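[1] Have a look at this prediction, sequence included:
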Amino acid sequence: MNDTTQATPYVPPTVWTWDQASGGRFANINRPIAGATHDKDLPRGKHPLQLYSLGTPNGVKVTIMLEELLALGHVGAEYDAWLIRIIEGEQFSSGFVGANPNSKIPALLDCSSAEPVRVFESGAILMYLAEKFGAFLPSESAQRAECLSWLFWQMGSAPFLGGGFGHFYAYAPAKIEYAINRFAMEVKRQMDVLNRRLAESPYIAGDAYTVADIAIWPWYGATAKGLTYEAGEFLNVGEYTHVIRWADEIAKRPAVQRGRMVNRVVGPLEQQLHERHDAGDFATRTQDKLKPQTAPA
Ligand SMILES: N[C@@H](CCC(=O)N[C@@H](CS)C(=O)NCC(=O)O)C(=O)O
C-alpha cells in the first residue's frame, strides 16, 4: 500500500496494479473491475416501479421525486423501494448488475409494460420519471433547457463534493492538504454558483420547483445546512444565505420529508423506513415501530 504519510514521496509505477486495499472508508467494496461478484436475483414487489437504492443523497433524489409524483396524484408512480446495503457489497449481485452495470445505487425498473425498462444514474431516473408523468420538467423549450442544464450541472458537480472533498476531508486514511485544498476550493465555488442563482430566482430553474431542485437539494442543500462531512464550519457555509433559504423551504415539503426516510439506515429510528412497499409504511414500518418491544419493568 502507498502510505500517504511516508517521508519519501510516492513515485507511480509504470503500470498500476491492485495489490492492496487503499485503507479508506470504502476500501472493502472498491474494486478496479466491474461485473457481478455473486449470483442473486433482485426481489420484485407488486407496484409498477421497483427501486433498488439506499438513503444517500443520490438515492434520496429518486424517493423524493416518487413521493412528489404521488402527492400530485400520479398513482402510476406507486413503488416498492428495496434496500441495497452497499457497504455489504449488495450492488455487486447479478440481479443488481442487470439493473445497473455500473453497480451503484439508485437503480429503477419500470415494470408497467410487458418488457421491464431499466434506468440507472439518478439524473436519468429523474428525467425518465419527469417525462413519463409530465411533471417537474417544463415543456416550454427555454425553461426546459434551463432546468436540464441545472440537472446535468448537478450530475457533473456532485462528484467533486462527494468523491473529491468528502472523500479527502472525511474518509481518506490521511489528511492530505493539497487534496483538501483543491476540493474545498471547488466546493466553495459551486456553492457560490448556486447562491448567486438563488439570489435571482426562487428555485434553481426559475419560478417553479423542478427536477433540478430535487437533484441538487440532497447534496448542496445538506451542505449549506452543515450536514455533509461535518464540514459546515470548515466551509463557512453560513455565507450562502440564498442556498440556506431555498434548502429550508424545500425541507418543509411533506413529499421531501417522506422521501428522505425511504431506504435510510442512519439517524433517528423514526426517520428510517428501510423498505417502502405502501404509502401507509411511513406510519407503521419505521425502525422505531419495528423494534422488538421490551417488557415493562
Ligand atoms: N452518478 C451516480 C452516482 C451513484 C453513486 O455514487 N452511488 C453510490 C452511493 S451514493 C454507490 O452506490 N456506491 C457503491 C459503490 O461505489 O460500490 C448517480 O447519480 O446515480
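    Arrived safely.
[2] Not counting sequence-adjacent ones, nearest residue to Ile250?
    Excluding the flanking residues, the one nearest Ile250 by C-beta to C-beta, 6 or more residues apart in numbering is Trp217, at 5.0 Å. In short, each C-beta sits where N, CA and C put it, glycine included.
[3] neighbours around the closest residue to Gly232 other than its chain neighbours, how many?
    Take Gly232 and drop its neighbours on the chain: the residue closest to it by C-beta to C-beta, 6+ apart is Gly226, 2.2 Å away. For Gly226, the neighbour count with other C-beta atoms under 10 Å is 17.
[4] Ramachandran angles for Gly226?
    When read as degrees, to the nearest 10, the backbone of Gly226 gives phi 70, psi 20.
[5] Relative to Leu161, how far out is it?
    Separation of Gly226 from Leu161 (C-beta to C-beta, to the nearest Å): 14 Å.
[6] hmm, back to that, go ahead and confirm the residue nearest to Ile250 touches Val256.
    Yes. Counting by C-beta atoms under 8 Å, Val256 is a contact partner of Trp217 at 7.4 Å.
[7] So those two - more neighbours on which side?
    Using other C-beta under 10 Å, the more surrounded residue of Trp217 and Val256 is Trp217, with 27 against 23.
[8] So what touches the helix or strand containing Gln257?
    Secondary structure from DSSP states H and E places Gln257 in helix 254-261. Helix 254-261 is contacted from outside by 55, 60, 63-68, 70-71, 217, 250-251, 271-273, 282, 286, using C-beta atoms under 8 Å, 6 or more residues apart in numbering.
[9] Pull the contacting residues for Phe165.
    Per C-beta under 8 Å, 6+ apart, neighbours of Phe165: Ile180, Phe183, Ala184, Glu186, Val187, Tyr229, Ala231.
[10] Let's see that with 7 Å instead.
    Residues near Phe165 by C-beta atoms under 7 Å, 6 or more residues apart in numbering: Phe183, Ala184, Val187.
[11] Report how many residues lie close to the last one.
    The burial count assigned to Val187 is 25, neighbours taken as other C-beta under 10 Å.
[12] Same question for the first one.
    Other residues near Phe183 number 20, with proximity taken as other C-beta under 10 Å.
[13] For Leu235, see how far away Gly24 is.
    With distances taken as C-beta to C-beta, Gly24 is found 21 Å from Leu235.
[14] swap that for Ile86, please
    Following C-beta to C-beta, the distance that separates Ile86 from Leu235 is 25 Å.
[15] Could you list the low-confidence segments of the stretch 1-150 of the chain?
    Along the stretch 1-150 of the chain, segments meeting pLDDT under 70 span 1-7.
[16] how about the residues of it near the ligand?
    Ile29, Thr56, Asn58, Ile86, Gln91, Ser103, Lys104, Ile105, Pro106, Glu121, Ser122 (C-beta under 6 Å from any ligand atom).
[17] Now do the strands in this protein.
    49-53, 79-83, 107-110, 117-120 (DSSP state E).
[18] same for the second one, what does it pack against?
    Read that as strand 79-83. Contact partners of strand 79-83 among helices and strands, from 3 or more C-beta pairs under 7 Å, 6 or more residues apart in numbering; DSSP states H and E: strand 49-53.
[19] Show residues contacting stretch 112-121.
    For stretch 112-121, contacts defined as C-beta under 7 Å, 6+ apart pick out Pro48, Gly76, Ala99, Asn100, Asn102, Ala107, Leu108, Leu109, Asp110, Ile125, Tyr128.
[20] do that again at 8 Å, thanks
    48-49, 76, 98-102, 104, 106-110, 125, 128, 155.
[21] Repeat that for stretch 153-161.
    57-58, 121-123, 183, 186-187, 190, 193, 212, 215-216, 219-220, 223, 228.
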